[in-house]
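> only geometry, no sequence info:
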């Protein structure tokens, strides 16, 4: 089985990779830094987890879409697609520069849409699969100074719900965990705990599937 995690970072992303890797998943990771990905491959290999990293800036939409199509062609059997990427620049709605807002939206929402367009058709052909989105509490309560992130998290949350409606008849489960706090070890928002919740969601039968967990 294969997990493709887009938006690899030291928090939730790494914890999800380790959690699913321990269960026998081969892991494909997309992040900006080739150097960090190479280091992660070595670290995960020492833990007995097979992984491969792909360096790409999601905001560079043409290059990112090309990578997605490559991955979908090389790995049409991806069982779990997890979109974990996010970007934001703190600013009030009336103050944020439009190019910055566009870039953040590309990472927060457009990147997830392109990933779904690349992999969901393969899942439909197989008659199953799982799509996860890491959500944020700013989708539900939007602080003025986090305008970019709030719009992005609301957008990707709604995208997940739309995908869930489209995919359910094809045996594909779509779910999001809306994390309403600062991700920090030893708290309710411990990344390992969040990764466990994603694993529990993955194991949930379709008849009991919930599209969103608000944490």
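Received, thanks. Worth saying up front: this structure is predicted, and the values here are computed from it rather than measured.
> For the one residue sitting closest to the centre of the chain, give me its contacts.
Geometric centre of the chain, nearest residue: residue 83, 1.5 Å, by C-alpha atoms, centre = their mean. The contact partners of residue 83, by C-beta atoms under 8 Å, 6 or more residues apart in numbering, come to 6-7, 111-112, 115, 131-134, 156. Bear in mind the C-beta positions are built from the backbone N, C-alpha and C, glycine included.
> those strands in the chain, which residues are they?
2-6, 26-31, 51-55, 78-83, 129-136, 172-179, 212-214 (DSSP state E).
> For the third one, name the packing helices and strands.
So that's strand 51-55. strand 26-31, helix 34-46 (3 or more C-beta pairs under 8 Å, 6 or more residues apart in numbering; DSSP states H and E).
> which one of these lies closest to residue 59?
Between residue 59 and the helices and strands packed on strand 51-55, the tightest spacing by C-beta to C-beta is seen for strand 26-31, at 12.6 Å.
> For that closest one, give the mean pLDDT please.
What strand 26-31 shows for mean pLDDT is 95.
> And stretch 147-160, by the same measure?
94.
> what sits up against it?
By C-beta under 8 Å, 6+ apart, stretch 147-160 touches 83, 86-93, 96, 100-101, 104-105, 107-109, 112-113, 116, 131, 133, 135-139, 142-143, 174-176, 178, 211-212.
> how many neighbours does residue 78 have?
Neighbours of residue 78 under the rule other C-beta atoms under 10 Å: 24.
> okay, the helices and strands packed on strand 51-55, which one's buried deepest?
strand 26-31 (a mean of 23; mean count of other C-beta atoms under 10 Å).
> Could you list every helix and strand in contact with that one?
By 3+ C-beta pairs under 8 Å, 6+ apart, strand 26-31 packs against strand 2-6, helix 12-22, helix 34-46, strand 51-55.
> CSV for those, including distance to residue 151?
Shown next, in CSV, are these (distance: least, C-beta to C-beta, whole Å):
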stretch, distance to residue 151
strand 2-6, 20
helix 12-22, 20
helix 34-46, 28
strand 51-55, 27
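> so which of those gets nearest residue 191?
The nearest among those, by C-beta to C-beta, is helix 12-22 at 3.9 Å.
> what comes up buried for the closest one?
12-21 (16 or more other C-beta atoms under 10 Å).
> Now do that helix: distance to the chain's middle.
Taking C-alpha atoms, centre = their mean, to the nearest Å, one finds the center of helix 12-22 at 12 Å from the center of the full chain.
> neighbouring contacts of that helix?
3, 5, 7-8, 27, 29, 31, 40, 44, 47-51, 80, 82, 84, 134, 179, 183, 191-192, 194-196, 198-199, 202.
> and it, average pLDDT?
94.
> Report the angle between that helix and strand 129-136.
For helix 12-22 against strand 129-136, the angle by axes from the mean of the first three to the mean of the last three C-alpha atoms, to 10 degrees is 150 degrees.
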